[in-house]
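S.K.: Fold the following, please.
(chains A and B)
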Amino acid sequence: MIDPPADGGRNMAVDEALLKSADETGQTTLRFYQWAAPTLSLGYFQKSVDRRLHLPSSQSVWVRRSSGGGAILHDHELTYSLALPGTNRWSSKHNDLYGSVHSAIVKFLNEHGVLAHQFEVNDEFSVNSGRVETTDDIPFEHQKRFLCFQRRTAGDIILNGCKIGGSAQRRLSNATLQHGSLLLRRSNFAPELPGIADLADFELSFEEFTQGLLAALARQLNLSLKRANLTKKQEKIVSEIQAQKYDNPQWTGKK
Amino acid sequence: MKPEDLKFAQSHEWAHFAQTDGQQIATIGISAHAVEALSDVVYMELPEVGAEVAAGTSFGEVESVKATSDLFSPVTGKVIEVNTALPENLDLLGSDPYGQGWIIKVEVTDDSSAAALLDFTAYEAQCSE
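M.R.: Residues are numbered from 1 along each chain as shown, chains lettered A, B, ... in the order given. Next comes the predicted model:
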């Protein structure tokens, strides 16, 4: 599924509807999308008041994700979601999905001469270059840093020491949704985070990236792809989820 | 508590049943196997005292390795106590999963779900599959 840019509430509601389909019917969906305006997405458990910790993004619109991890500024970036069936929500096999998807993305970049690699725990850790606009008196372990791209987890996609790709998940009893983001270029709303074009002088359009990554992910995950759109039933579910959760200030601000 | 004295849900929550003043009370937590699989729980959200829970439905949420997921209640009833120390001391889940790592206590109002719970031997067999 390749979607045109949409606002944060709809993007998150579509992903949740696809997760619900995977949970109930066993359907696997790979989706690529962008955002109608630069949007900050908070990890599910992040506090909304913590937005003040990051001044450059404080004026952007925002939404809460259902997946974990840190905040992501969706501007010059490519977002994917993968909803797929699978039992035992706490099995380590779900963690392996991070590595599988990232491995395919790294291979695609390597084929284009971009020397990205996956982060290993023993790698030397360095936060992306540039000053981080955070409140100085609050101690930060790197895994608690506000922005996802200033954290490091094994398997993250690294280029020239900077994180350019990461993923997070929401798991139900019988399905997992994996969200992921690939930074294409630096955003004014998160200027401390360089993207691929800034680090490797390499630039492709959204369409070129999408087509290349579709093929790479299909190979890696052994998927047979068929172009799809939401069904009428799914559209109705999206509208309901969007109203109940992602466009509802009581839900987005509940933490 | 010893795991041999507990009942386990297939979704990896455990329950310890006791009678107090003629009322059946279930203490609920998550198994050592689950804690090991989760590897690094960083957030946990728990219900309020007084909340109604139903067997097989969510009573809380956790985040581990950037993945969020639900905690499912093995029983139906009303939450009478919450381990409020836990969200700030998540290490207890791993260091003492069947003791200080307990999560909630529930006054059981319908024990029909208990028959489907596994004893420790059966649960271990499920985990080794």
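S.K.: got the residues of the stretch 151-255 of chain A near chain B?
M.R.: Selection of the stretch 151-255 of chain A residues close to chain B by C-beta under 8 Å from any C-beta of the partner chain yields A:153, A:166-173, A:176. Quick note: C-beta positions are derived from backbone N, CA and C, even for glycine.
S.K.: A:Leu115 - nearest residue in space that isn't next to it in sequence?
M.R.: A:Leu159 (7.1 Å; C-beta to C-beta, 6 or more residues apart in numbering or on different chains).
S.K.: From B:Ala32, how far off is the residue nearest the centre of chain A?
M.R.: Nearest to the geometric centre of chain A sits A:Gly180, at 2.7 Å (C-alpha atoms, centre = their mean). The spacing between A:Gly180 and B:Ala32, counted by C-beta to C-beta, to the nearest Å, is 31 Å.
S.K.: Check B:Gln19 too.
M.R.: Separation of B:Gln19 from B:Ala32 (C-beta to C-beta) stands at 26 Å.
S.K.: Looking at those two, which is more packed in?
M.R.: B:Ala32 (18 against 8; other C-beta atoms under 10 Å in any protein chain shown).
S.K.: how about stretch B:8-21 as CSV, C-alpha atoms only?
M.R.: C-alpha atoms of stretch B:8-21 as CSV (Å, rounded to 0.1, in the frame of the first residue of the first chain):
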residue,chain,number,x,y,z
PHE,B,8,-0.7,-19.6,34.4
ALA,B,9,-2.5,-18.1,31.4
GLN,B,10,-1.3,-19.0,27.9
SER,B,11,-0.6,-15.3,27.5
HIS,B,12,2.1,-15.6,30.3
GLU,B,13,0.3,-13.9,33.3
TRP,B,14,0.2,-15.9,36.5
ALA,B,15,-2.5,-15.9,39.2
HIS,B,16,-2.4,-17.0,42.9
PHE,B,17,-5.7,-17.7,44.4
ALA,B,18,-6.5,-17.3,48.1
GLN,B,19,-9.6,-17.0,50.3
THR,B,20,-9.9,-13.9,52.4
ASP,B,21,-13.1,-13.4,54.5
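S.K.: can you list the residues of the stretch 1-150 of chain A near chain B?
M.R.: A:43-45, A:66-69, A:89-92, A:94-95, A:98, A:143.
S.K.: try it again with 10 Å
M.R.: For the stretch 1-150 of chain A, the residues in contact with chain B (C-beta under 10 Å from any C-beta of the partner chain) are A:43-46, A:65-70, A:87-95, A:97-98, A:143-144, A:148.
S.K.: Just the buried ones out of those, please.
M.R.: A:43-46, A:65-70, A:88-90, A:94-95, A:97-98, A:148 (16 or more other C-beta atoms under 10 Å in any protein chain shown).
S.K.: Strands - which of those residues land there?
M.R.: Of these, none are assigned to strands by DSSP state E.
S.K.: What ranges does chain B have for its strands?
M.R.: Using DSSP E, strands in chain B cover B:7-8, B:13-20, B:23-30, B:41-45, B:52-53, B:58-64, B:67-72, B:76-82, B:104-110.
S.K.: and the first one, anywhere near chain A?
M.R.: No - where contact is defined by C-beta under 10 Å from any C-beta, no part of strand B:7-8 touches chain A; the two come within 13.3 Å at best.
S.K.: Same check on the second one?
M.R.: No - contact between strand B:13-20 and chain A is absent, the nearest approach being 10.8 Å (criterion: C-beta under 10 Å from any C-beta).
S.K.: got the angle for that strand vs strand B:76-82?
M.R.: Interaxial angle, strand B:13-20 versus strand B:76-82 (axes from the mean of the first three to the mean of the last three C-alpha atoms, to 10 degrees): 90 degrees.
S.K.: Buried residues, strand B:13-20. List them.
M.R.: B:13-17.
S.K.: Check the offset of it from the chain's centre.
M.R.: Strand B:13-20 sits 10 Å away from the centroid of its parent chain (C-alpha atoms, centre = their mean, to the nearest Å).
S.K.: Per-residue pLDDT of the residue nearest to A:Gln234 when sequence neighbours are not counted, please?
M.R.: Nearest non-adjacent residue to A:Gln234, counting by C-beta to C-beta, 6+ apart: A:Ala17, 5.1 Å away. A:Ala17 carries a pLDDT value of 97.
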